[in-house]
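Participant: model this:
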Amino acid sequence: MSTTAAPTPTPTQATFKPSYLARAIAAFSGWPGLVVKVAFLGVVNALAVWAATVLADQSNWPAFGVLVLFTLLIDLIYLVPRRPGLIPLKFIVPGTVFLIAFQIAPILYTVNVAFTNYSTGHIISKSGAITAIKENSLQPAQSGTTYAMAAARDKNGDLVLILQDSTSGKTYVGTKKGLTPIPRAAVTLKAGAITGATGYTLVPVKELAAIGQQLTDFHVPIGENAAIQPQGFDTAVPLQPTLRYDPERGVFVRISDGAVFRDNGLGSFVSSSKEELEPGWATHVGFRNFSRAIHDPLIRKPFLRVLIWTFVFAGSTVFLSFALGLFLAITLDKPGLRFQRGYRSIMVIPYAIPSFLSLLVWGGLLNDDFGVVNNLFHVHIPWLFDPWMAKVSVILVSTWLTVPYFFLVAMGALQAIPKELVEAAKVDGGGAFQIFRRVTLPLLLVATAPLLIASFAFNFNNFNNIYLLTGGGPATNDQPIAGATDILISYTYKLAFATGKGNDYALASSIAIVIFFIVATVSGLSFWRTKALESVR
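Facilitator: Below is the predicted model of the structure:
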């Protein structure tokens, strides 16, 4: 054994001290880590079983297969003993799963919806639509027969209807399977109302409201497509169909006049006179939604005006915000400036307040009648009610919200510029403006150009600033839907959700794809043009 003493570490030699993170990782490397891993996988598998049950119930087998495959893959990666090839996957797989779940899947779903007719009245399947049309076609019989009714439950707890024919006095029990006669003596009546039935328990009055929808949907079949349906809590009427479905031809026939309603290939049964039965069903319609954006005058006419204003709004907001933020950054970057930190903190305040609150406050400040701005300066400017002033107001408020962001960006970029370059430019006789134009600004744009492009893309789809401040208004004379300040995304919202007979999700998805390609094209060209800045490095 050597008696040589271990060298004493000199003050300049760093001694290793395990970090808290390393200690935490070491603590979970044994059985505690195994417990956490098993618990985590248990939760993942439980959620997977639940999701698989839902997908199987909906017969969505492609998604079911993907779910099973990914669940087995995760179990394999984390349960198999340590192998060098699987270690990287333990870190890559969680991020990949979240990427697919929150990015790729919504994009694919949006694209799929854009090629369908998914909208109000076209949500369910074709078989469900046929069933719903049959039920909707049931109308009160011309005989005028009515039934006294009482909701009750049988010995199994199932909902049934105790009925008495108002004409013949005969009594029945109505179930979803049909009408069954029962002895008159088994039913107790008081003042014409059913108060009891032997072998059945009447639903208490205080519970009737809770099962109101269940009663509304309750049908007692009494013949081919005919049924008895509750009308309120104590009356029922027989209903007869006005339409007959022919499964061989796949058409509906109106019984009164023989009109035929055929599948038009767009998710609806339509007659030769263009009369449409509701509801329809969801189906793929190809490029029909994109064609509507071109040929439908309601969409096509204001589209160009809205598109131009969208570019003006996004471009003006980014340019003014960047210019003002850069000016303030240069101003507050002066060495020796008193209260410098206080000024910088004040500049960040608009960025710290939630934007939706700021927009609602500005909406009140710029009100035409009682707004603080008009009352403070004793003027009567229609900031939000005149088309041109509303556009100015939107740009100014958006600039106010965005300046702090570019102030912070410019402040950081300015401090990253080497001072030697500025000093060398001064020695060469350059003035302040020349130094800014030839040295400071080019170097600044190298760092900020991608952020400018990203900010333009953000403002191109800045729904909140438009909708919360002006609602897209004021209205214009030539078009009732597109307001003076509507940008593409708010106009799309109005087309899809605020007009027509309901929500048109398919149209919204198709126009969202169009907006994506516009923004992607502009951003791609901008990035291509900014390559010229790389020579400044």
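
Participant: Wait, a helix at Trp383?
Facilitator: No. Applying DSSP: H, G, I helix; E, B strand; the rest coil, one finds Trp383 to be coil, outside a helix.

Participant: Going forward, the N-terminal residue is numbered 289.
Facilitator: That works, and once the first residue is 289, the last one we named lands at Trp671.

Participant: So it is in contact with Met677, correct?
Facilitator: Yes. In this structure, Trp671 is within contact of Met677 by CB atoms under 8 Å, at 5.4 Å. In short, each C-beta sits where N, CA and C put it, glycine included.

Participant: Looking at the two, which one has more neighbours?
Facilitator: Trp671 (24 against 17; other CB atoms under 10 Å).

Participant: ok, now which ones touch that one?
Facilitator: By CB atoms under 8 Å, 6 or more residues apart in numbering, Trp671 lies in contact with 654-656, 659, 661-662, 677-678, 680-681.

Participant: Which of those residues sits closest to Ser633?
Facilitator: Minimum distance to Ser633 across these is 25.0 Å, recorded for Val661 (CB to CB).

Participant: Break this structure down into its structural domains.
Facilitator: Domains of the chain are assigned by automatic domain parsing as 319-402, 427-529, 582-823.

Participant: can those go into TSV with extra columns for distance to Glu566 and mean pLDDT?
Facilitator: Shown next, in TSV, are these (distance: least, CB to CB, whole Å; pLDDT from 0 to 100):
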stretch	distance to Glu566	mean pLDDT
domain 319-402	20	85
domain 427-529	15	88
domain 582-823	9	86
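
Participant: Quick one: closest of those domains to Leu565.
Facilitator: Per CB to CB, nearest to Leu565 of those: domain 427-529, 12.6 Å.

Participant: now the closest one, how far from the centre of its chain.
Facilitator: 43 Å (CA atoms, centre = their mean, to the nearest Å).

Participant: now do stretch 662-675
Facilitator: The answer for stretch 662-675 is 35 Å, by CA atoms, centre = their mean.

Participant: Helix or strand for the most centrally placed residue in the chain, just tell me which one.
Facilitator: The centroid of the chain falls nearest to Pro394 when counting by CA atoms, centre = their mean (9.7 Å). According to DSSP states H and E, Pro394 maps onto helix 393-402.

Participant: Three-state assignment for the closest residue in space to Asn749 that isn't next to it in sequence, please.
Facilitator: With sequence-adjacent residues excluded and distances taken as CB to CB, 6 or more residues apart in numbering, Asn749 is closest to Ile777, at 4.8 Å. Ile777 falls in the helix class when you classify it by three-state DSSP.

Participant: what about Ile777, how many neighbours?
Facilitator: Ile777, neighbours per other CB under 10 Å, totals 20.

Participant: what does Ile637 give?
Facilitator: 9.

Participant: so who does Ala698 touch?
Facilitator: 610, 613-614, 616-618, 732, 736.

Participant: now swap in Thr728 and tell me
Facilitator: Counted by CB under 8 Å, 6+ apart, Thr728 has contacts 702, 705, 710.

Participant: hmm, try it at 10 Å
Facilitator: 614, 618, 701-702, 705, 709-710, 713, 720 (CB atoms under 10 Å, 6 or more residues apart in numbering).

Participant: any idea how far it lies from Thr468?
Facilitator: Going from Thr728 to Thr468 by CB to CB, to the nearest Å gives 91 Å.

Participant: Emit the ChimeraX select command for whichever of the contacts of Thr728 are buried.
Facilitator: Burial among the contacts of Thr728 is assessed by 16 or more other CB atoms under 10 Å; the matching ChimeraX selection reads:
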select :614,701,702,705,710,713
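
Participant: rewinding a little: mind giving me the ChimeraX select for the contacts of Ala698, buried ones only?
Facilitator: Of the contacts of Ala698, the buried ones go into a single ChimeraX selection, burial set by 16+ other CB under 10 Å:
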select :610,613,614,616,617,732,736
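
Participant: just to revisit the earlier point, overlap in contacts, Trp671 and Met677.
Facilitator: Contacts common to Trp671 and Met677, judged by CB under 10 Å, 6+ apart, are 654, 656.

Participant: wait, doesn't Leu689 sit right on Ser643?
Facilitator: Yes. In this structure Leu689 lies within contact range of Ser643 using CB atoms under 10 Å: 5.6 Å.

Participant: In terms of neighbours, single out the busier of these two.
Facilitator: Each of Leu689 and Ser643 has its neighbours counted (other CB under 10 Å); Leu689 has more, 21 against 17.

Participant: Fine by me, we can end here.
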